[in-house]
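Student: below: sequence and its predicted model.
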Protein chains: 2
Amino acid sequence: MVYIIDSGNTKFGRSNQNIIKLGATAAKDIVKRFHDAIDLVIVSNSYSGEYTGNSGINSLITTALSLDEVPSLRVDNTTASGSTAILLGRSLIEAGRVNTVLIIGVEKMSEVDTRRSSEIISSFLNPVERDAGLTLPSLAAFMARSYIREYGATRESIAMVSVKNHRNGSMNPIAQFQKPISLEDVLNSRIIADPLRLFEYCPISDGASAILMSSHEYAPSLSAKRVNVMETTVSSSSSVVSTRENFVSIDVVKKAAEQVFQKTWLYPRDIDFIELHDMATILEIVEAEDMGFFRKGEGWKAMKDGETELGGSIPINPSGGLISRGHPIGATGIAQAAEVFMQLTGNAGKRQVRDAERGLSLNMGGFGNSAIATIYEVV
Amino acid sequence: MVYIIDSGNTKFGRSNQNIIKLGATAAKDIVKRFHDAIDLVIVSNSYSGEYTGNSGINSLITTALSLDEVPSLRVDNTTASGSTAILLGRSLIEAGRVNTVLIIGVEKMSEVDTRRSSEIISSFLNPVERDAGLTLPSLAAFMARSYIREYGATRESIAMVSVKNHRNGSMNPIAQFQKPISLEDVLNSRIIADPLRLFEYCPISDGASAILMSSHEYAPSLSAKRVNVMETTVSSSSSVVSTRENFVSIDVVKKAAEQVFQKTWLYPRDIDFIELHDMATILEIVEAEDMGFFRKGEGWKAMKDGETELGGSIPINPSGGLISRGHPIGATGIAQAAEVFMQLTGNAGKRQVRDAERGLSLNMGGFGNSAIATIYEVV
């Protein structure tokens, strides 16, 4: 068994710190508490070269943290980098190579303009499709249209994901957006890719998150606060989207979730809350269905009926999700894990999910290119 | 136990292929032979963002290899990326998460000019020292001066590393430089950082290498050719160099080697050949000493006496090393492993080390920032 025993975050949004300081800041309290116990540092970061021209950031961050003699590396799997780092960290612990791993997810995206940012992020789309003009926002818009047509979902029910996530984010001190917004605000914001509007997409963000993972044997001597990282599963598929069977479901999300439930002998009803990959509003609905929390085509009703609110039957994205907390790409998977850790140790403040004993996180790479699902449990 | 059961390379040098094709080309024969057995792909690459602006290359390479449903990730640890990927691959196998891992190391460096390339590579030096004008070539020159002064080494003995490595490279079909050169050629090439000259440094290279690793249980059913990856050890230190005790020795190399010998219960005399990190001639001598193959200050005599030649007592860099094979940064650690695999399975052609049963590789990150040592053995 592998535990998370501590977490840290910077504020998400626009930061004046460079990427090295940003990464170090998220981890500094963890390092203060556990300096001598850290065996390895994994930095989850996709785009330091593209956005800020910084190379070797894992070494520079360990130097900034006075962890020079601790081995480090950087891992990149685009938007799923954070969960990939968690999978590597747990495997290194399971293999007995290390007792603890400090994982720092960081991205600094505000130094280039939106157009350049979009080019960078879209560069992992299949070249043929990218050259035909596909972007991540347009793919989400295609999905929203297909979903509305297929299941008769109301436009409002989809926009309500943004309202809920902004409300949750307003209770999360690190969230990029700190103000609740109304359904009108969402539906009156400018169109990005018809029918989806500005407030229905995650923003461009700077930010960093950190967690400390420990082996089962080692954890009790370090900390009383522990969360069991029960299982982590990965599913991958083609980066080509035009050949997919349908556009109202994401195959890798289905498969990763199926596997994580199978391996833990759990069912969706055993999960108390979910942190998922709401790059756009529609994705929250589709992913929750694909993971088995709602029947296909009925997720929008659950949204409308408030079931995914903080006090509902299955709260989704209590942190505010990508839409409100923000989406500094390499940090997102770690931010999800940090949120789950805070929730399960009862430290989530105003956004605390009551009696939370098990959480699930879903981190997606590309637009359904890969998905990584993790189930966490209180100890 | 973890095995290498296959390897592949592109030609190193200047390539017309883009980074995706380059990576896929190195692995294509492995994939042809073992397509259905590949559980995970790790791409070792440091600078795709900086050099070519390609992101998410692990997904694009798996798509190019028709391995879409195989999970993949990218790992970066600057010049030690390749060995870091091997350490991760073996840990994932040891943890029982996968049976096999295809590791592809790739870098495409020829698309920017030398000045920009130098900026990119030096960006992981400590900012204060970098701003004071330190570069990797100048650090190697400092080391050569210190070494000559301290141990009375002849200038020629150091240059002979380049002569030997070019001769070895001339027998390696993938080497960037295919022609033997003379001592005069080396000593007459232009000064880069006094006293070291152009032919004493590794070049800027495009290239890719691949290996397939397998669990002990699974390997026999896949392949008769197997090499045991006995042990892999890492040592890390500060990226600051100006505070080091001396400049004729590299602490992390010493420590990584000590650990790898300790864990395998072996001694330098048990090793039949070494692939090491000859970013510059002087580094080959210093590293071989630090690993315990020669007494401190006597490595240059061994070089002079031909002990490190192919037919000598301890051949170093039979592949031609970084100086002659080339140094596409993310590929280098994998190229070393591929060379050891070919040597230990008796497939190294004209550069075959006779009766080779055990090989050691040493891959360095930065200028003594980190070192990873691995011992391999025939099965």
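Tutor: Everything's here; your move. Numbering: from 1, shown residues only, chains lettered A, B, ... in the order given.
Student: which elements pack onto the helix or strand of chain A with the lowest mean pLDDT?
Tutor: The weakest-scoring helix or strand in chain A, judged by mean pLDDT, DSSP states H and E, is helix A:127-131 (a mean of 80). Judged by 3 or more C-beta pairs under 8 Å, 6 or more residues apart in numbering or on different chains; DSSP states H and E, helix A:127-131 is in contact with no other helix or strand. C-beta coordinates here come from the backbone N, C-alpha and C atoms, glycine included.
Student: give me the contact list for the following helix or strand past it.
Tutor: Going down the chain from helix A:127-131, the next helix or strand is helix A:136-151, by DSSP states H and E. For helix A:136-151, contacts defined as C-beta atoms under 8 Å, 6 or more residues apart in numbering or on different chains pick out A:121-122, A:125, A:153, A:155, A:158, A:192-196, A:201, A:241, A:246-248, A:279-283, A:285-286, A:296-298, A:300, A:367.
Student: do that again at 6 Å, thanks
Tutor: Helix A:136-151 has contacts (C-beta atoms under 6 Å, 6 or more residues apart in numbering or on different chains) with A:153, A:192-193, A:195-196, A:247-248, A:280, A:282, A:297, A:367.
Student: now the very next helix or strand once past that helix against helix A:136-151, angle please.
Tutor: Where DSSP H and E defines the elements, the next helix or strand beyond helix A:136-151 is helix A:155-169. Angle, helix A:155-169 to helix A:136-151, by axes from the mean of the first three to the mean of the last three C-alpha atoms, to 10 degrees: 130 degrees.
Student: circling back to that earlier point, buried residues of the least confident helix or strand of chain A, list them for me.
Tutor: Using 16 or more other C-beta atoms under 10 Å in any protein chain shown as the test for burial, helix A:127-131 gives A:Glu129.
Student: ditto for stretch A:170-185
Tutor: Quick answer for stretch A:170-185 (16+ other C-beta under 10 Å): A:170-172, A:174-178, A:181, A:185.
Student: from those residues, which single one is nearest chain B?
Tutor: A:Gln176 (22.2 Å; C-beta to the nearest C-beta).
Student: tell me the contacts of the closest one?
Tutor: A:Gln176 sits next to A:12-13, A:203, A:205, A:326 when contact means C-beta under 6 Å, 6+ apart.
Student: and the strands in chain A, which stretches?
Tutor: A:2-9, A:41-44, A:72-76, A:100-107, A:191-193, A:196-197, A:207-215, A:227-236, A:273-275, A:358-365, A:370-378 (DSSP state E).
Student: rewinding a little: which one of the contacts of A:Gln176 is nearest A:Glu69?
Tutor: A:Phe12 (30.6 Å; C-beta to C-beta).
Student: surely the closest one and A:Pro203 touch.
Tutor: No: here A:Phe12 does not reach A:Pro203: they are 8.8 Å apart, not a contact under C-beta atoms under 6 Å.
Student: comparing the two, which residue is more hemmed in?
Tutor: Using other C-beta atoms under 10 Å in any protein chain shown as the criterion, A:Phe12 and A:Pro203 rank with A:Phe12 on top: 30 against 20.
Student: can you list the domain ranges for chain A.
Tutor: If you go by automatic domain parsing, the domain ranges for chain A are A:2-112+A:205-227, A:123-202+A:229-378.
Student: list residues touching both of A:Phe12 and A:Pro203?
Tutor: In contact with both A:Phe12 and A:Pro203: A:176, A:326, using C-beta under 6 Å, 6+ apart.
Student: most tightly surrounded among the domains of chain A?
Tutor: Scoring the domains of chain A by mean neighbour count under mean count of other C-beta atoms under 10 Å in any protein chain shown gives domain A:2-112+A:205-227 as the most buried, with a mean of 24.
Student: phi first, then psi, for the residue in the stretch 101-250 of chain A that chain B sits nearest to.
Tutor: In the stretch 101-250 of chain A, no residue comes nearer to chain B than A:Phe124, which is 2.5 Å away by C-beta to the nearest C-beta. Dihedral angles of A:Phe124 (phi, psi; degrees, to the nearest 10) stand at phi -90, psi 0.
Student: surely it touches B:Ile57?
Tutor: No: in this structure, A:Phe124 is not within contact of B:Ile57 by C-beta under 6 Å, at 7.9 Å.
Student: spell out which parts of chain A neighbour chain B.
Tutor: Contacts of chain A with chain B, taken as C-beta under 6 Å from any C-beta of the partner chain, map to A:49-50, A:55-56, A:59, A:63, A:68-69, A:71, A:73-78, A:84, A:88, A:91-92, A:94-95, A:97, A:123-124, A:234, A:236-239, A:369.
Student: surely A:Ala26 meets A:Ser209?
Tutor: Yes: using C-beta under 6 Å, A:Ala26 is in contact with A:Ser209, at 5.5 Å.
Student: who touches both of those two?
Tutor: Residues touching both A:Ala26 and A:Ser209 (C-beta under 6 Å, 6+ apart): A:Asn9.
Student: which residues of the stretch 101-250 of chain A score low on pLDDT?
Tutor: Within the stretch 101-250 of chain A, no range satisfies pLDDT under 70.
Student: related to what we said a few turns ago, once you drop chain neighbours, what's closest to the residue of the stretch 101-250 of chain A closest to chain B?
Tutor: B:Gly56 (2.5 Å; C-beta to C-beta, 6 or more residues apart in numbering or on different chains).
Student: quick revisit: what's the closest of the domains of chain A to B:Arg354?
Tutor: When the domains of chain A are compared by C-beta to C-beta, domain A:2-112+A:205-227 sits nearest B:Arg354, at 34.5 Å.
Student: now do the same end-to-end measure for that closest one.
Tutor: For domain A:2-112+A:205-227, the first-to-last residue distance is 8 Å (C-alpha to C-alpha, to the nearest Å).
Student: list of residues touching stretch A:88-103?
Tutor: By C-beta under 6 Å, 6+ apart, the list of residues contacting stretch A:88-103 from outside reads A:2, A:37-42, A:85, A:211-215, A:218, A:229, A:334, B:88, B:91-92, B:94-95, B:97.
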